[in-house]
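> sequence first, then the predicted structure:
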Amino acid sequence: MKYSIKKQFAGVICLLIIGTIVLCLFMNNTLLETYYINNKKNVLMYAYHYINTASNEGKLSTETFDIEFQKIIGKYNISFILLDDETKTLMASAKDYEILSRQLLNNLFENEEQSDIRMLEKGDNYEIRIMLDDWTKTEFVEMWGVLDNGNLFLFRNPLESIKESVKLANRFLAYVGIFASVLSVLVAFWVSGKIARPIMELTQISERMLHLDFEAKYSGRSRTEIALLGQNINKLSGILEKTISELKSANNELQRDIEKKNEIDEMRKEFLSNVSHELKTPIALIQGYAEGLKEGISDDVESREFYCDVIMDEAAKMNTMVKKLLTLNQIEFGKETIMMERFDIVALIRNYIQSSEILTRQKEISVRMEDYPSIYVWADEFKTEEVFMNYFSNAIHYALREKVIDVRLRMQKNTVRISVFNTGNPIPEESLDHIWEKFYKVDKARTREYGGSGIGLSIVKAIMESMNQGYGVVNYDNGVEFWYELELAAPLEKEPSRLMNA
């Protein structure tokens with residue numbers, strides 16, 4: 001392959017190794033000498049502080065000090081000499097102490113700086129420098145000065161040819177680097193081959209899936225990310241196979257739906273029968289009261305107004321029922337387009353409750369709703385308001401005893417559940433499965449009393465199913481709760497949010 005991951009991976013490893021070796025060579029050439037000299041300086045400072053502390057405490061002549069100090073100068077290869085204020089030798093580390101003594105006195109009385117001396121550090125009572133010995137032509141890191149008790153001291157540590165050591169180290173590093181680079185190329189190609197092999201296997205499996213061949217499965221047993229990808233592809237293969245199977249099943253269901261055409265015709269006949277039955281009563285009332293007015297059964301004005309009010313009320317009920325039937329028919333048969341919009345459901349509910357405030361006051365009903373923040377949803381705003389209107393108007397008509405209506409919003413994973421609870425009598429268990437049917441009435445007398453047609457909850461069912469969202473009813477000892485769910489939508493602007501659970 002032109003852009004093989006195997007070659008890219010091997011190339012990256014080789015470049016990293018070669019870059020590391022080059023960096024080491026550069027660090028050797030630039031920093032190793034400085035590091036070496038700084039280490040020598042620290043060793044001399046350590047020896048100086050040790051002997052100065054011992055002199056202050058009067059322990060120079062003790063056996064314990066002598067043993068420990070000999071360990072220090074032996075470990076770090078330090079030559080030293082200690083003179084009193086009369087230049088008499090008190091301690092020395094080598095037989096050539098006369099040379100050290102002479103060098104110390106020269107340092108003490110020299111007036112001009114020498115060209116072959118490089119100062120490293122200068123304190124109040126000491127100097128640390130690099131100097132070239134005239135006799136041996138060897139460089140030393142030298143520290144000399146005066147102890148706190150007035151004694152003169154000189155420490156010398158030979159500074160080996162650090163430049164030669166750097167060249168030797170670089171040469172050795174170059175040999176090792178060449179060997180390591182060759183070895184890394186071989187190892188990188190081997191490792192990248194192991195990584196690329198399962199990727200190629202996954203590529204072949206995905207190609208077979210393009211041709212709807214779902215028999216191929218990834219068989220790797222490692223615990224790497226590639227193995228996880230392989231397992232997910234296996235799952236994807238199974239899901240696709242299942243989905244195709246479901247599509248074929250759906251096609252068979254479609255054929256069965258066609259066969260149900262006769263059943264739909266029967267349902268239409270039943271619908272017409274129910275409509276006829278519901279219209280029969282108001283038509284009879286209108287006819288009866290109209291005939292009474294015509295025949296002048298009652299001559300007083302109050303009776304005539306009562307007859308007219310009955311006729312108008314029944315006509316209004318018939319008009320409302322016909323409008324609801326038209327709405328229900330349009331939704332059920334897909335003639336009315338569902339407009340999915342993004343809107344604030346909390347604002348919609350608050351506005352409706354506020355517009356119904358006069359009616360709830362007349363009924364002496366207490367409406368409760370928490371102060372929720374804005375909650376945005378995707379739905380048909382007009383039809384969503386109609387669903388809430390049906391729930392809320394039912395709650396008003398059936399609220400008993402405490403006469404409380406409680407509106408709640410509960411946040412769920414991807415939806416918000418809106419519920420309307422009213423105190424009163426629970427719905428009989430045998431009626432729970434039928435309340436969503438057209439013209440079904442639990443309490444026919446009470447429904448007739450407030451002019452209900454038994455279509456409201458059927459409209460709720462049709463609207464919610466057209467938006468593919470859930471709805472339902474829950475019985476409680478002290479009342480009934482109707483609910484429906486809407487899909488949550490992210491707000492356009494940053495808004496306060498909190499989890500609302502009831």
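Structure received.

> please make it C-alpha for all contacts and neighbour counts, starting now.
Will do.

> enumerate the positions of the helix or strand hosting L108 that are buried.
The secondary structure element spanning L108 is helix 97-109 (assigned by DSSP states H and E). Along helix 97-109, the positions that meet the burial threshold by neighbour count (16 or more other Cα atoms under 10 Å) are Y97, L100, S101, L104, L105.

> mind giving me the packing neighbours of it?
In this structure, helix 97-109 packs against strand 79-83, strand 152-158, with contacts taken as 3 or more Cα pairs under 8 Å, 6 or more residues apart in numbering; DSSP states H and E.

> looking at these, which is buried most?
Between the helices and strands packed on helix 97-109, the one whose residues have the most neighbours on average, counting mean count of other Cα atoms under 10 Å, is strand 152-158 (a mean of 24).

> and the angle from it to helix 97-109?
Using axes from the mean of the first three to the mean of the last three Cα atoms, to 10 degrees, the interaxial angle of strand 152-158 with respect to helix 97-109 works out to 110 degrees.

> wait, isn't R208 in contact with A216?
Yes. In this structure R208 lies within contact range of A216 using Cα atoms under 8 Å: 7.3 Å.

> re the thing from before, would you turn the helices and strands packed on helix 97-109 into CSV with distance to L44 and mean pLDDT?
CSV is the format used below for those (distance: least, Cα to Cα, whole Å; pLDDT from 0 to 100):
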stretch, distance to L44, mean pLDDT
strand 79-83, 10, 88
strand 152-158, 7, 88
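
> indicate which one of those strands is closest to T138.
Ranking the helices and strands packed on helix 97-109 by their distance to T138 (criterion: Cα to Cα) puts strand 152-158 first, at 7.3 Å.

> following the chain past the closest one, name the next helix or strand.
Moving on from strand 152-158 towards the C-terminus, the next helix or strand you reach (DSSP H and E) is helix 162-210.

> what helices or strands is that following helix leaning on?
Counting by 3+ Cα pairs under 8 Å, 6+ apart, the elements that helix 162-210 packs against turn out to be helix 5-56, helix 225-259.

> nearest to S458, out of those?
In this view, the helices and strands packed on helix 162-210 are compared for proximity to S458 by Cα to Cα, and helix 225-259 is the closest at 21.8 Å.

> what helices and strands are in contact with that closest one?
So helix 225-259, by 3+ Cα pairs under 8 Å, 6+ apart, packs with helix 162-210.

> F172: neighbour count?
Other residues near F172 number 11, with proximity taken as other Cα atoms under 10 Å.

> per-residue pLDDT, it?
Looking at F172, its pLDDT is 81.

> repeat that for K280.
As predicted, K280 sits at a pLDDT of 59.

> Q469 now?
For Q469, the model assigns a pLDDT of 91.

> enumerate every residue touching it.
For Q469, the contact set (Cα atoms under 8 Å, 6 or more residues apart in numbering) comprises Y484, E485, L486, E487.

> for it, helix, strand, or coil?
Reducing the assignment at Q469 to three states with DSSP: H, G, I helix; E, B strand; the rest coil gives coil.

> phi, psi for it please.
As for Q469, its main-chain torsions (degrees, to the nearest 10) stand at phi -130, psi 160.

> look up how far W378 lies from it.
As judged by Cα to Cα, to the nearest Å, Q469 and W378 stand 11 Å apart.

> and the strand or helix carrying E481, how far from the chain's centre?
Secondary-structure assignment from DSSP H and E places E481 in strand 479-488. The chain centre lies 29 Å from the centre of strand 479-488; the measure is Cα atoms, centre = their mean, to the nearest Å.

> now do it: which elements does it pack against?
Judged by 3+ Cα pairs under 8 Å, 6+ apart, the packing partners of strand 479-488 are strand 376-379, strand 415-423, strand 471-476.

> neighbouring contacts of the longest one?
Same thing as strand 415-423. 391-392, 395-396, 398-411, 478-488.

> pLDDT averaged over it, what's the number?
Mean pLDDT, taken over the full extent of strand 415-423, equals 94.

> could I get the CA-only coordinates of it as CSV?
These are the backbone C-alpha positions of strand 415-423, laid out as CSV (Å, rounded to 0.1, in the frame of the first residue of the first chain):
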residue,chain,number,x,y,z
THR,A,415,-37.0,13.3,27.0
VAL,A,416,-39.0,15.4,29.4
ARG,A,417,-42.2,13.9,30.9
ILE,A,418,-45.1,16.4,31.4
SER,A,419,-47.8,15.2,33.8
VAL,A,420,-51.2,16.6,35.0
PHE,A,421,-52.5,15.3,38.2
ASN,A,422,-55.9,16.0,39.7
THR,A,423,-57.4,15.0,43.0
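
> pull out the buried residues from it.
Buried residues in strand 415-423, defined by neighbour count with 16+ other Cα under 10 Å: T415, V416, R417, I418, S419, V420, F421, N422, T423.

> that one versus strand 479-488: what angle between them?
With the same axes, to 10 degrees applied, the angle from strand 415-423 to strand 479-488 works out at 160 degrees.

> pairing partners for strand 415-423, with directions?
When pairs are called by DSSP bridges, strand 415-423 turns out to pair with strand 404-411 (antiparallel), strand 479-488 (antiparallel).

> next one: the first one
When pairing is defined by DSSP bridges, strand 376-379 lines up against strand 341-344 (antiparallel), strand 479-488 (antiparallel).

> pull the next helix or strand after that strand out as CSV, backbone CA atoms only.
Reading on from strand 376-379 to the C-terminus, the next helix or strand found by DSSP H and E is helix 381-398. Output in CSV follows, covering the C-alpha atoms of helix 381-398 (Å, rounded to 0.1, in the frame of the first residue of the first chain):
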residue,chain,number,x,y,z
GLU,A,381,-46.1,23.3,19.2
PHE,A,382,-49.8,23.7,18.3
LYS,A,383,-50.6,20.0,18.7
THR,A,384,-48.5,19.8,21.9
GLU,A,385,-50.7,22.6,23.4
GLU,A,386,-53.8,20.7,22.3
VAL,A,387,-52.6,17.6,24.2
PHE,A,388,-52.0,19.7,27.3
MET,A,389,-55.4,21.4,26.9
ASN,A,390,-57.2,18.1,26.8
TYR,A,391,-55.4,16.8,29.9
PHE,A,392,-55.9,20.1,31.8
SER,A,393,-59.6,20.5,30.9
ASN,A,394,-60.2,16.9,32.0
ALA,A,395,-58.5,17.7,35.3
ILE,A,396,-60.7,20.7,35.8
HIS,A,397,-63.9,18.8,35.1
TYR,A,398,-63.0,15.8,37.3
